[in-house]
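Novice: After the sequence you'll find the predicted model.
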Amino acid sequence: MKAERVIALCILLLLISGCSAPLNQETGGGVQNSVNNGTGAGSGNASSGLNVSNSSAPVKYSNISAKSFTTFIDPREGAFSLEVPADWVVSNGSGVIRPYIDAGVAFEAKSLSGQGFFFQDPYGYVYATPNAVLNYAGFVEGSLYNPSEGVASPMMVKKYATASEFASELLQKSGLNASNVNLTERPDLLSNASPMISRQSAAELTFEYEYGEKRMKSTVLVRTSLVEMSGTGVWSVSVMEYYAPVEISSETELLALNMQRSFKVNSTWAAREQEEVRKRLGILAQSQSDISEIISSTFEMRSRTMDELNRKWDKYILDIEDVYDPDTGEHYIVDSGSRYYWIDDHGRIYGTEIAESPFPKENLRLLNCPEC
């Protein structure tokens with residue numbers, strides 16, 4: 001069906017277009033537990049929530065920089081790494097997830113002191129907006145719809161919700177007796193909109209709640225993004241959260257920020273993923289020729305800004321650059337840190353701080369690095 005191919009394309013464009021870029025802060029735990037248990041979120045979700053041990057008293061960190069960290073590496077594909085406090089436990093569900101073929105990220109870590117950090121993109125389902133075609137086929141709002149015929153997780157038919165609306169829904173479904181609730185629009189957390197994005201929004205939700213004998217504080221950052229094409233709308237959500245007992249919430253915020261900023265994508269994996277996305281785009285273009293122009297422009301944008309999966313995390317986090325050979329037009333993903341990049345006849349790339357070849361006697365060509 002043409003409609004199903006359009007929906008498949010919308011999902012692909014949604015996941016690669018930067019619409020679910022990471023939020024530049026942290027968020028909080030009781031909300032995630034109830035929602036993950038209550039919505040049937042897509043496969044690969046990191047576990048999350050309020051199952052906190054009371055076995056030790058809260059520890060206050062007077063010097064965050066002196067705290068010991070350990071490196072977590074994505075156990076599934078080696079796609080990314082980040083630094084985690086050594087006394088925190090990372091959830092078994094953390095790593096790359098592929099509920100909709102293209103890569104997403106799920107991560108959660110907790111401490112025995114009741115602290116936690118959570119991120120998932122896409123969070124829960126990818127959603128299809130209601131329309132006449134879906135309604136005629138019996139897929140009313142709230143029903144599950146799988147245009148992939150079982151290859152990927154099902155989508156939920158649901159009208160587009162802004163980040164504030166989605167955050168409010170999360171809190172309502174959590175069943176927590178929340179107090180000091182504050183919901184704020186956060187347009188500053190939005191990345192530069194892709195041409196494919198029809199709508200996007202971001203919001204911050206903070207609240208307090210009782211858990212056992214502890215008074216907890218939670219901060220949740222939500223972003224929603226919508227892609228529309230040929231009368232079909234597909235949207236997704238990214239959620240980031242940190243939470244802790246109130247008395248150590250400030251220290252937890254600093255620890256979570258350190259984890260988020262240490263996130264680094266493996267450049268070899270990113271290059272391989274980019275090629276796989278290119279192949280999938282080509283297959284869709286052949287079966288849906290009337291939207292091939294949109295696919296082409298989308299990939300051109302990806303080439304200018306490197307792989308859009310990487311774009312989901314701010315450039316200062318990733319430490320990689322997208323460079324290209326002006327003679328051949330071929331792109332390369334390299335580690336950042338240099339102002340100039342050179343390539344030899346064997347494809348080896350060298351970085352320098354000055355605009356002079358590191359090996360003047362060899363035939364090295366200067367690569368173009370638009371954002372160096």
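Specialist: That came through fine.

Novice: what sits up against stretch 340-356?
Specialist: By Cβ atoms under 8 Å, 6 or more residues apart in numbering, the residues outside stretch 340-356 that reach it are 321, 323, 325, 332, 334-335, 337-339, 357-359, 362-367, 369, 372. Heads up, the C-betas are built off the backbone N, CA and C, glycines and all.

Novice: Let's see that with 7 Å instead.
Specialist: Residues lying outside stretch 340-356 but in contact with it, judged by Cβ atoms under 7 Å, 6 or more residues apart in numbering, are 323, 325, 332, 334, 337-339, 357-358, 362-367, 369.

Novice: ok, the closest residue to Tyr145 other than its chain neighbours - how many residues close by?
Specialist: Nearest non-adjacent residue to Tyr145, counting by Cβ to Cβ, 6 or more residues apart in numbering: Phe139, 4.6 Å away. Other residues lying near Phe139 total 20 when counted by other Cβ atoms under 10 Å.

Novice: host element of Phe139?
Specialist: Per DSSP states H and E: Phe139 is located in neither a helix nor a strand.

Novice: where are the low-confidence patches of the stretch 201-350 of the chain?
Specialist: 277-319 (pLDDT under 70).

Novice: Which parts of the stretch 1-150 of the chain are helices?
Specialist: Along the stretch 1-150 of the chain, the segments classed as helices by DSSP state H, counting those that start in this stretch run 2-16, 30-39, 132-136.

Novice: Ramachandran coordinates for Leu176?
Specialist: phi -70, psi 150 (degrees, to the nearest 10).

Novice: ok, now which ones touch the residue nearest to it when sequence neighbours are not counted?
Specialist: Nearest non-adjacent residue to Leu176, counting by Cβ to Cβ, 6+ apart: Tyr209, 4.6 Å away. By Cβ under 7 Å, 6+ apart, the contact list for Tyr209 reads Gly30, Leu176, Asn177, Ala178, Met216.

Novice: Tell me which residues of the helix or strand containing Tyr209 come out buried.
Specialist: Using DSSP H and E, Tyr209 sits in strand 197-211. For strand 197-211, burial by neighbour count (16 or more other Cβ atoms under 10 Å) applies to Ile197, Gln200, Ser201, Ala202, Ala203, Glu204, Leu205, Thr206, Phe207, Glu208, Tyr209, Tyr211.

Novice: mind giving me TSV with those and columns for distance to Asp345?
Specialist: Converted to TSV, those look like this (distance: Cβ to Cβ, whole Å):
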residue	distance to Asp345
Ile197	41
Gln200	44
Ser201	49
Ala202	47
Ala203	52
Glu204	52
Leu205	55
Thr206	57
Phe207	60
Glu208	63
Tyr209	63
Tyr211	62
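
Novice: In this structure the residue nearest to Tyr145 contacts Val157, no?
Specialist: Yes - using Cβ atoms under 7 Å, Phe139 is in contact with Val157, at 5.1 Å.

Novice: Next, show the common contact partners of those two.
Specialist: Tyr145.

Novice: Excluding sequence neighbours, find me the nearest residue to Arg186.
Specialist: The shortest distance from Arg186 to any non-neighbouring residue, by Cβ to Cβ, 6+ apart, is to Ala202 (4.4 Å).

Novice: And the strands in the stretch 101-250 of the chain?
Specialist: 102-111, 116-121, 127-128, 144-145, 155-157, 179-185, 197-211, 214-229, 232-245 (DSSP state E, counting those that start in this stretch).
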